[in-house]
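Participant: Fold the following for me, if possible:
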Amino acid sequence: MYGSCRRTHIRWDSVINTSQARSFVALAASPRSSSHATNRKSRSVHTNSRLQPAYSGHIPLTPFENGFLAVGSALMSLIDTRRADMVAACGETTAGSTLVKLRDIMLESPEGRRILREMPRINSQTLELEKLRSLPENTFGRAYVGWLDTCKVTPDSREPVHYIDDPELAYVMQRYRETHDFYHALFGFKVSALPELALKAFEFSNLGFPMTALSLGASIRLKPPQRARLWGEFVPWAARCGSHTRCLLTVYWEERWGQDLDEMKKEFGVWDPPAGITIPRPSRVNFP
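Facilitator: So this is what the prediction gives:
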């Protein structure tokens, strides 16, 4: 599960991306007899009045609808690993108590508390990329912008949160999404199947999102030598490293642009993954 978009017999595109999610599931579960039309209409009015959006872009779901969407998005993510919308929906609908746990961990950390209070966002409007390019070699900010340039990605590629009811927990999920690329930069992971799955294994060990573990099912698409390396080398690294590292959601990354990358790793308690899936260190990256 490492990327973005297309098809199955059910039109999941409309189910996932619009408020039709509730009505679609309700229709699928309702009897088709015309004698029940009035009751269905009454239930629909009651449901719509009970489930009101809690923030911009929020699509509230009943427990049944949430489960239906979780299964559907998980299957679609495995069928087409490029579907970022399916990966996002699966992450939200399966997060459950993990978000509460992560929010509480953030509240116990001085940096985490300030993140929850200030709710910073990460995109091309909030980041000064040219300023980051001017930082000394081997600083985190230089490594991050070097990773963006080398992998030809932007900070604006993350899906907005839709299906988490509590606004604060929705922000925790959004923060995870928007800082995912910082983990790439921290370790120098390339943007391809094997390093993405290795990073998902690390995230599961460090953060505990069920979706990150489910993503490893996509390893069936790897070539046998890559699959052997994933399970024989990278997953064991991820399990050890992720469990010994401070929760990375408590890091106020935007305040650490000028920090030396090696010092940052030592502070967090992380170490480099096995060789073969990383880009050159910042000092070897040629910037335009």
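Participant: Any idea how many residues pack against residue 174?
Facilitator: 19 (other Cβ atoms under 10 Å). For glycine as for every other residue, the C-beta is placed from the backbone atoms N, C-alpha and C.
Participant: Spatially central residue for this protein, please.
Facilitator: residue 177 (3.9 Å; Cα atoms, centre = their mean).
Participant: That one: which element?
Facilitator: Following DSSP states H and E, one finds residue 177 within helix 167-187.
Participant: can you give me the mean pLDDT across that helix?
Facilitator: For helix 167-187, the mean pLDDT works out to 96.
Participant: now do stretch 219-231
Facilitator: 95.
Participant: before we move on, what about stretch 251-269?
Facilitator: Stretch 251-269 shows a mean pLDDT of 96 in the predicted model.
Participant: Not counting it itself, show me its contacts.
Facilitator: Residues outside stretch 251-269 that contact it (Cβ atoms under 8 Å, 6 or more residues apart in numbering): 111, 114-115, 120, 122, 132, 135-136, 138-141, 143-144, 179, 182, 186, 244-246, 248, 271-272, 281-282.
Participant: residues of it that come out buried?
Facilitator: Along stretch 251-269, these residues count as buried under the neighbour rule (16 or more other Cβ atoms under 10 Å): 251, 253-254, 256-257, 259-261, 264-265, 268.
Participant: Could you work out the end-to-end span of that stretch for me?
Facilitator: In stretch 251-269, first residue to last residue: 13 Å (Cα to Cα, to the nearest Å).
Participant: distance between that stretch and the chain's centre?
Facilitator: Remark: stretch 251-269 is offset 21 Å from the chain centroid, using Cα atoms, centre = their mean, to the nearest Å.
Participant: buried set for the helix holding residue 177?
Facilitator: 169-187.
Participant: Same check on stretch 56-69?
Facilitator: 58-61, 65-66, 68-69.
Participant: cool, and stretch 137-154?
Facilitator: Buried-residue list, stretch 137-154, by 16+ other Cβ under 10 Å: 138-148, 150.
Participant: who's in contact with that stretch?
Facilitator: By Cβ under 8 Å, 6+ apart, stretch 137-154 touches 124, 129, 131-133, 135-136, 155, 181-182, 184-186, 188, 190-191, 253, 256-262, 264, 279, 281-283, 285, 287-288.
Participant: cutoff 6 Å now
Facilitator: Contacting residues not belonging to stretch 137-154 are listed as 129, 132-133, 135, 184-185, 191, 256-261, 264, 279, 282-283, 285 [Cβ atoms under 6 Å, 6 or more residues apart in numbering].
Participant: What count of nearby residues applies to residue 243?
Facilitator: 12.
Participant: I'd say it and residue 205 touch.
Facilitator: Yes: using Cβ atoms under 6 Å, residue 243 makes contact with residue 205 at a distance of 5.0 Å.
Participant: any chance of the buried residues of stretch 137-154 in CSV, with pLDDT and secondary structure too?
Facilitator: Shown next, in CSV, are these (pLDDT from 0 to 100; DSSP: H, G, I helix; E, B strand; the rest coil):
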residue, pLDDT, secondary structure
138, 92, coil
139, 96, strand
140, 97, helix
141, 96, helix
142, 95, helix
143, 94, helix
144, 96, helix
145, 95, helix
146, 93, helix
147, 93, helix
148, 93, helix
150, 91, helix
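Participant: Having no further points to raise, I will conclude here.
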